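Trainee: Next come a sequence and a model predicted from it.
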Amino acid sequence: MSLQDIQNKTVVVTGGATGLGAKYAEGFLKHGAENVVILDIAEDVGKATTERLNKTYGNRAVFIKCDVSKEDDIAKAFDAVVAQFKQIDAIVNNAGVMVDSAAWRLACDVNWQGLVSFNLKAIKHMRKDEGGAGGTIINIASTGAFSRGNALPIYCGSKAAVLHFSQSLAVAPFFENTGVRVMVFCPGPTDTALLHNLGSRSYDPKLGAALEVDFANIVSQKSESAAKALIETFQTGDPGSIWVSQNDQPSLNITENVSSAFQSLEALTY
Ligand SMILES: NC(=O)C1=CN([C@@H]2O[C@H](COP(=O)(O)OP(=O)(O)OC[C@H]3O[C@@H](n4cnc5c(N)ncnc54)[C@H](O)[C@@H]3O)[C@@H](O)[C@H]2O)C=CC1
Ligand SMILES: CCCCCC(=O)/C=C/[C@H]1C=CC(=O)[C@@H]1CCCCCCC(=O)O
């Protein structure tokens with residue numbers, strides 16, 4: 001894929017108020033995006049992040065409150081972005097929670113169903129075969145999508161769903177027909193609030209305690225490294241490609257690894 005330009009693009013980042021999403025938003029502004037729209041449930045911190053980014057990069061960031069676990073919120077937010085900016089060139093579906101404990105349905109609503117809803121709205125908006133201008137969708141999964149972690153099966157399952165949904169969606173001739181480039185970005189452990197209090201996140205307190213012990217030996221990467229890798233993915237990624245960001249390394253293309261794994265499984269079925 002030729003280097004995809006970020007200049008003059010309108011980019012939406014869900015969950016962009018804090019953590020990795022805020023770093024992604026900043027990365028797009030740093031690379032010349034004309035507009036960055038931060039959607040997040042956290043209104044106060046979202047407005048503060050937007051204000052900070054506007055002071056640094058000129059008034060090119062806006063905040064719209066949106067709870068991605070709620071379809072009404074998603075629809076209103078998406079329509080508001082289109083009404084204000086007319087064309088969305090890229091969306092990073094980043095909002096996510098790790099709550100395998102009592103609030104596990106929230107994880108399914110945010111990490112999976114909300115992401116699907118944004119994908120379907122973005123495709124309808126972007127697809128060239130229905131009057132759109134094409135565009136890019138980056139779905140944020142996780143290394144947990146292919147790590148069979150026993151402490152976080154709901155979280156890891158939601159991320160595996162994101163991975164498989166995205167690669168199923170992107171099967172040719174999707175890009176040829178629509179001009180919509182769908183990619184998957186899988187961070188590994190990264191230093192954000194998501195990884196705080198890991199012991200309380202599991203459905204099973206004993207497994208949660210073990211996870212916290214395991215994690216004590218893991219060196220998380222810096223969120224800035226993941227943001228740099230995401231921008232690399234946007235600029236160079238092919239339609240349907242799958243990427244990993246871990247250990248402060250450049251974005252790693254694992255498309256062939258995933259594809260061959262699924263090909264060996266598909267060979268068993270038909
Ligand atoms: N930090 C890590 O080690 C890794 C993170 N990821 C994924 O990256 C994404 C971002 O994670 P982090 O920045 O680390 O987490 P974080 O917890 O620091 O930030 C998550 C952001 O999503 C927002 N959010 C949560 N629920 C929402 C909702 N219902 N509606 C709208 N926004 C909502 C939060 O307000 C927050 O701004 C998540 O999808 C996560 O699963 C994947 C692999 C590793
Ligand atoms: C050897 C287990 C290490 C677990 C600690 C860790 O690295 C967690 C990382 C997760 C944080 C957000 C993510 O998406 C990462 C992927 C989850 C990895 C699998 C979960 C491990 C488990 O459930 O036991």
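Mentor: On my side now, so go ahead. Computed from a predicted model, the values in this text were never measured in an experiment. Ligands and ions are numbered 1, 2, ... in the order given.
Trainee: what does this protein put close to ligand 1?
Mentor: Applying the criterion Cβ under 6 Å from any ligand atom, the portion of the chain that neighbours ligand 1 consists of 15, 17-21, 40-42, 66-69, 94-97, 110, 140, 142, 187, 189-190, 192-195. For the C-beta atoms, the positions are set from N, CA and C on the backbone; glycine is no exception.
Trainee: try 5 Å this time
Mentor: 15, 17-20, 40-42, 67-69, 94-96, 110, 140, 142, 187, 189-190, 192-194 (Cβ under 5 Å from any ligand atom).
Trainee: Can you flag the buried ones in those?
Mentor: 15, 17-20, 40-42, 67-69, 94-96, 110, 140, 142, 187, 189-190, 192, 194 (16 or more other Cβ atoms under 10 Å).
Trainee: which residues sit in contact with residue 129?
Mentor: When contacts are counted by Cβ atoms under 8 Å, 6 or more residues apart in numbering, residue 129 is found next to 177-179.
Trainee: The stretch 151-270 of the chain: helices as residue ranges?
Mentor: Assigned by DSSP state H, counting those that start in this stretch, the helices in the stretch 151-270 of the chain fall at 153-169, 174-178, 205-215, 223-236, 255-269.
Trainee: Please tabulate those in a markdown table, including the columns mean pLDDT.
Mentor: Below are the helices of the stretch 151-270 of the chain laid out as a markdown table (pLDDT from 0 to 100):
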| stretch | mean pLDDT |
| --- | --- |
| helix 153-169 | 98 |
| helix 174-178 | 98 |
| helix 205-215 | 95 |
| helix 223-236 | 98 |
| helix 255-269 | 96 |
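Trainee: now those helices in TSV, with distance to residue 246 and mean neighbour count?
Mentor: What follows is the helices of the stretch 151-270 of the chain, written out as TSV (distance: least, Cβ to Cβ, whole Å; neighbours: other Cβ atoms under 10 Å):
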stretch	distance to residue 246	mean neighbour count
helix 153-169	14	21
helix 174-178	27	16
helix 205-215	14	15
helix 223-236	8	21
helix 255-269	14	11
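Trainee: right, so of those, which gets closest to residue 245?
Mentor: In terms of Cβ to Cβ, the element of the helices of the stretch 151-270 of the chain nearest to residue 245 is helix 223-236, at 3.8 Å.
Trainee: is ligand 2 contacted by that closest one?
Mentor: No. Counting by Cβ under 5 Å from any ligand atom, ligand 2 has no neighbours in helix 223-236; the shortest distance is 11.0 Å.
Trainee: ends of stretch 49-64, how far apart?
Mentor: According to Cα to Cα, to the nearest Å, stretch 49-64 extends 12 Å from its N-terminal end residue to its C-terminal end residue.
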